[in-house]
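Asks: based on what follows, work out the 3D shape:
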Amino acid sequence: MIGSIRLILTSAILLTPSMLNAYVLTDKISFNGVLSGAVQCQRLIENTEGDDTCEAAVPLQPELTYQATRHDRLFLKLGFAAGDGLNDLTPFVIPPWGADLEADVENINGSGRDHLLEIWYEHVFPIDDRNMLGVTLGIIDASLYLDHNAYANDEYVQFMNPALSNAPNTLLPSYDLGVAAVWQIDRWTFSGVLMDVHQSVGSDSYTFYGIEAGYRLETSLGTGNYRVLLNGDRNLIDLTAGRRQKNDIMILSFDQQFGENFGAFTRLGWRLDDEPINYRALYSGGIDIKGRMWDRGLDNIGMGLAYLDGGDGRITKTRILEAYYRLVVNPYLALTGDVQYMRDVFLQSPEAKGFVYSLRATVMF
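Replies: Numbers count the residues shown, from 1 in each chain. Prediction:
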């Protein structure tokens, strides 16, 4: 464990600002990415099956962008990781960290492809000063275009649990062939994604679609974003039922500033079908507190709660509470202390309850 902590801290220190600045290549080519590392310790309570243990993981995601013209760009994103943390050891249905760890960047989605997460081409059609359309084609990540939230959308700098970073019942796929379009009209944003997605197990694939409408509201309180998302899939093979399904989900995702120091978010989701897969509903929300209140202007505290209603005949419900403090060391490095409480209630098996304590270091470059 000491060795894991040393690896995380050493990796973060080695990527100093002076080293990072060297990767600004030309006026058309830029190099950036994220290096993160976390040590997570779980303490299970009552009669929960499993062991109290600590594990570490270090994901690295370098990105290369080629801005061919003002309206055209090529993008490449790779993924590397050491370890899977608690994700393959935890007794909980939802893993405690939503990052792309070692198991996620090898044989991605059962495709046989390793480490290549995204590679795509984007063209922007400028209609006027307040109206533009962007179209992207390639190996894409649907969460780049759908299910955004200002306070609950990034597992590297915000909440670690996937229930509070992206709604797990939306089944948003990542790192497969697809096309995406984003149309910005003044304060409105309309997004659409269509993907051919490999099943994680086996050689089958399914079709995913997602459409979203979002509105940015500016008031005396601050900026608010209000989004409605409809997405689903066709020909997804449910491993439990052993048959193809179609699934449709609606999500409401809101975030709102309340002055300079406070923000709040909510993400609500419902399945629109009766298929026995994953969760049937999600109700989540939380607050964000800026460090200006204690003279740490870049720091923040996040607190969130998620309730998930089971829908696969095995899970009855899941409760998740998470709180973190993010300490910004410099424009590149931030340290986060994080606590999660999780409880899974099953139809026939004993409940799973426990806490997960995490220390995360993230370098954005």
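
Asks: low-confidence ranges in the protein?
Replies: For the chain, the stretches with pLDDT under 70 are 1-22, 167-171, 201-203, 237-243, 276.

Asks: quick one, helices of it?
Replies: Here the chain has its helices, by DSSP state H, at 2-14, 17-21, 162-165.

Asks: just the buried positions in stretch 296-316, please.
Replies: 299-300, 302-306, 308-312, 315 (16 or more other Cβ atoms under 10 Å). Heads up, the C-betas are built off the backbone N, CA and C, glycines and all.

Asks: quick check: end-to-end length of it?
Replies: 42 Å (Cα to Cα, to the nearest Å).

Asks: what ranges does the stretch 201-350 of the chain have for its strands?
Replies: Using DSSP state E, counting those that start in this stretch, the strands of the stretch 201-350 of the chain run over residues 205-219, 222-238, 243-258, 262-271, 279-290, 300-310, 315-328, 333-346.

Asks: dump those to a markdown table, plus distance to residue 34.
Replies: As requested, the strands of the stretch 201-350 of the chain are exported to a markdown table (distance: least, Cβ to Cβ, whole Å):
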| stretch | distance to residue 34 |
| --- | --- |
| strand 205-219 | 24 |
| strand 222-238 | 23 |
| strand 243-258 | 21 |
| strand 262-271 | 22 |
| strand 279-290 | 20 |
| strand 300-310 | 18 |
| strand 315-328 | 14 |
| strand 333-346 | 11 |
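
Asks: quick one: neighbours of the closest residue in space to residue 364 that isn't next to it in sequence, just the number.
Replies: Distances taken as Cβ to Cβ, 6 or more residues apart in numbering place residue 34 nearest to residue 364, at 5.6 Å, with adjacent residues excluded. For residue 34, the neighbour count with other Cβ atoms under 10 Å is 17.

Asks: and residue 34, what is it in contact with?
Replies: Taking Cβ atoms under 8 Å, 6 or more residues apart in numbering as the criterion, residue 34 is in contact with 59, 60, 61, 156, 362, 363, 364, 365.

Asks: let's see that with 7 Å instead.
Replies: By Cβ atoms under 7 Å, 6 or more residues apart in numbering, the contact list for residue 34 reads 61, 156, 362, 364.

Asks: of those, closest to residue 177?
Replies: residue 61 (19.4 Å; Cβ to Cβ).

Asks: for residue 266, see how far away the closest one is.
Replies: The gap separating residue 61 from residue 266 is 28 Å, by Cβ to Cβ, to the nearest Å.

Asks: and for residue 346?
Replies: 27 Å.

Asks: repeat that for residue 214.
Replies: Using Cβ to Cβ, we find residue 214 at a distance of 14 Å from residue 266.

Asks: what's the neighbour count on the nearest residue to residue 39 once chain neighbours are set aside?
Replies: Leaving aside its sequence neighbours, residue 39 sits nearest to residue 56 (Cβ to Cβ, 6+ apart; 4.7 Å). Burial of residue 56, expressed as a neighbour count using other Cβ under 10 Å, amounts to 21.

Asks: my read is that residue 320 contacts residue 162, right?
Replies: No. Look at residue 320 against residue 162 with Cβ atoms under 7 Å: they stay out of range, at 9.4 Å.

Asks: give me the common contacts of these two.
Replies: Common neighbours of residue 320 and residue 162 (Cβ under 7 Å, 6+ apart) are residue 94.

Asks: higher neighbour count, those two?
Replies: residue 320 (24 against 19).

Asks: for the more buried one, name its beta-bridge partners.
Replies: residue 306, residue 342 (DSSP bridges).

Asks: and residue 333, by the same measure?
Replies: Going by DSSP bridges, residue 333 forms beta bridges with residue 363.

Asks: burial check on it, number of neighbours?
Replies: Neighbours of residue 333 (other Cβ under 10 Å): 19.

Asks: that one and residue 302, how far apart?
Replies: Distance from residue 333 to residue 302, by Cβ to Cβ: 18 Å.

Asks: likewise residue 217?
Replies: Applying Cβ to Cβ, the value for residue 217 to residue 302 is 22 Å.

Asks: same check, this time on residue 230
Replies: Distance, residue 230 to residue 302, using Cβ to Cβ: 27 Å.

Asks: run through the bridge partners of the residue lying closest to residue 246 once chain neighbours are set aside.
Replies: Nearest non-adjacent residue to residue 246, counting by Cβ to Cβ, 6+ apart: residue 234, 5.0 Å away. Assessed by DSSP bridges, residue 234 has beta-bridge partners residue 207, residue 246.

Asks: residue 234 against residue 206, yeah?
Replies: Yes. Counting by Cβ under 7 Å, residue 206 is a contact partner of residue 234 at 6.2 Å.

Asks: of residue 61 and residue 266, who's got more company?
Replies: Between residue 61 and residue 266, residue 61 has the larger neighbour count (other Cβ under 10 Å), namely 21 against 17.

Asks: residues touching the more buried one, list them.
Replies: Contacts of residue 61 (Cβ under 7 Å, 6+ apart): 33, 34, 77, 78, 79, 100, 117.

Asks: how far away is the third one from residue 357?
Replies: Just to be clear, that refers to residue 77. Distance from residue 77 to residue 357, by Cβ to Cβ: 30 Å.

Asks: neighbour count winner among those two?
Replies: More crowded of residue 77 and residue 357, by other Cβ under 10 Å: residue 77, with 21 against 15.

Asks: can you get me a residue count around the nearest residue to that one once chain neighbours are set aside?
Replies: Spatially, and ignoring its direct neighbours in sequence, residue 77 is nearest to residue 118 (4.0 Å; Cβ to Cβ, 6+ apart). For residue 118, the neighbour count with other Cβ under 10 Å is 20.
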